[in-house]
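K.L.:
Just the structure for this:
(one chain, ligands or ions: 2)
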Amino acid sequence: MAKIFCVANQKGGVGKTTTSVNLAAGLAKLNQRVLLVDLDPQGNATMGAGINKAGLKASTYEVMLGECDVATARQRSEAGRFDVLPSNRELAGAEVEMVSLENRERRLKDALALIDGEYEFILIDCPPALSMLTLNGLCAAHGVIIPMQCEYYALEGLSDLVNTIKKVHANLNPDLKIIGLLRVMFDPRMTLSQQVSAQLEQHFGDKVFNTIIPRNVRLAEAPSYGLPGVTFDPASKGAQAYIAFGAEMVERIKKM
Ligand code: ATP
Ligand code: MG
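P.N.:
Ligands and ions are numbered 1, 2, ... in the order given. A predicted model of the protein is given here:
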């Protein structure tokens with residue numbers, strides 16, 4: 001059975017999608033079978049995996065409404081060598097349309113249960129909100145990966161996310177854990193980055209991943225070519241860091 005991880009942080013632009021896409025590609029390089037679920041109506045993970053979000057026959061939206069199963073809606077990212085459950089702006093409507101559905105926070109969990117034997121990892125790229133979509137991600141997952149920039153405001157909002165995770169753990173999904181905080185867009189030349197990074201280690205101990213993702217322009221350029229950074233420039237520092245993070249995750253799941 002796959003281990004299922006949400007990549008979540010309600011702050012926008014902190015590196016969730018870059019982490020989801022490149023961790024998926026990094027794990028694929030380590031011969032892991034991976035499904036990447038795009039749970040964000042922005043469809044950035046879909047595009048970043050090289051799939052055109054405009055022409056989708058089926059997507060996360062239909063899956064969540066029970067109109068289609070994952071096996072039919074998923075596509076192959078040839079670039080990244082993983083599968084993708086793609087999404088686009090239609091998914092924004094699901095939020096409203098699910099209101100009248102039974103077990104509406106468990107729609108994704110139930111859909112993934114039918115295919116989770118086919119993968120080692122299922123990664124869920126969450127939208128920048130603590131919404132019904134994110135709640136579906138948290139209900140489906142064994143753990144949460146929280147990407148963070150090491151800047152002054154990084155910790156602000158973290159307590160909201162941690163409290164939401166605690167509530168979901170207590171009421172809806174006893175399996176759910178914070179797997180770890182991932183330091184991303186790290187600039188070692190900045191004293192502030194070093195300070196915040198040290199603070200995170202002090203407060204959160206082994207909940208901080210060993211791997212640090214540096215700020216690297218190749219990671220930012222890759223999506224415009226429809227490629228994960230890991231595939232676009234495998235030798236770049238950013239790609240190497242995500243491959244190392246993949247290896248760290250493979251080790252972590254052995255202990256779960
Ligand atoms: P949203 O909240 O809108 O979904 P997000 O949290 O998914 O955003 P990303 O889209 O992954 O964040 O990243 C935001 C921007 O930062 C993008 O332009 C991305 O290319 C860039 N970026 C992410 N990680 C890095 C990095 N390590 N080095 C350089 N640029 C990065
Ligand atoms: Mg995103």
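
K.L.:
The residue in the stretch 51-200 of the chain positioned nearest to ligand 2: neighbour count?
P.N.:
Shortest the stretch 51-200 of the chain-to-ligand 2 distance, computed as C-beta to the ion: residue-wise this is residue 125, at 6.0 Å. The way it works is simple: take the backbone N, C-alpha and C, and place the C-beta from them, glycine included. The burial count assigned to residue 125 is 31, neighbours taken as other C-beta atoms under 10 Å.

K.L.:
is it true that it touches residue 5?
P.N.:
No: the pair residue 125 and residue 5 does not pass the contact test of C-beta atoms under 8 Å, sitting 10.3 Å apart.

K.L.:
can you list the residues of the stretch 51-200 of the chain near ligand 1?
P.N.:
The stretch 51-200 of the chain has residues 128, 184, 185 near ligand 1, with proximity defined as C-beta under 6 Å from any ligand atom.

K.L.:
Please indicate which of the residues you listed has the highest neighbour count?
P.N.:
Counting by other C-beta under 10 Å, top hit in those: residue 184 with 26 neighbours.

K.L.:
residue contacts, that one?
P.N.:
Residue 184 makes contact with 14, 15, 18, 19, 147, 148, 149, 213, according to C-beta atoms under 8 Å, 6 or more residues apart in numbering.

K.L.:
now, among these, which is nearest to residue 56?
P.N.:
The closest of the contacts of residue 184 to residue 56 turns out to be residue 18 (C-beta to C-beta; 21.5 Å).

K.L.:
Now for this protein: which strand has the highest residue count?
P.N.:
Scanning the chain for the strand with the most residues, using DSSP state E, yields strand 177-186.

K.L.:
List the strands paired with that strand, with their directions.
P.N.:
Take DSSP bridges as the rule and strand 177-186 pairs in its sheet with strand 143-149 (parallel), strand 208-214 (parallel).

K.L.:
Now tabulate those strands in a markdown table and tack on distance to ligand 2, mean neighbour count and mean pLDDT.
P.N.:
What follows is the strands paired with strand 177-186, written out as a markdown table (distance: least, C-beta to the ion, whole Å; neighbours: other C-beta atoms under 10 Å; pLDDT from 0 to 100):
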| stretch | distance to ligand 2 | mean neighbour count | mean pLDDT |
| --- | --- | --- | --- |
| strand 143-149 | 10 | 24 | 97 |
| strand 208-214 | 15 | 19 | 98 |
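
K.L.:
for ligand 2, what are the nearby residues on the stretch 1-150 of the chain?
P.N.:
By C-beta under 5 Å from the ion, the residues of the stretch 1-150 of the chain that approach ligand 2 are 16, 17, 44.

K.L.:
So, low pLDDT: which residues of the stretch 151-256 of the chain?
P.N.:
Low-confidence segments of the stretch 151-256 of the chain (pLDDT under 70): none present.

K.L.:
quick one, helices of it?
P.N.:
Using DSSP state H, counting those that start in this stretch, the helices of the stretch 151-256 of the chain run over 158-171, 191-204, 217-221, 229-232, 237-254.

K.L.:
looking at these, which is buried most?
P.N.:
Comparing the helices of the stretch 151-256 of the chain by mean neighbour count (mean count of other C-beta atoms under 10 Å), helix 229-232 ranks first with a mean of 26.
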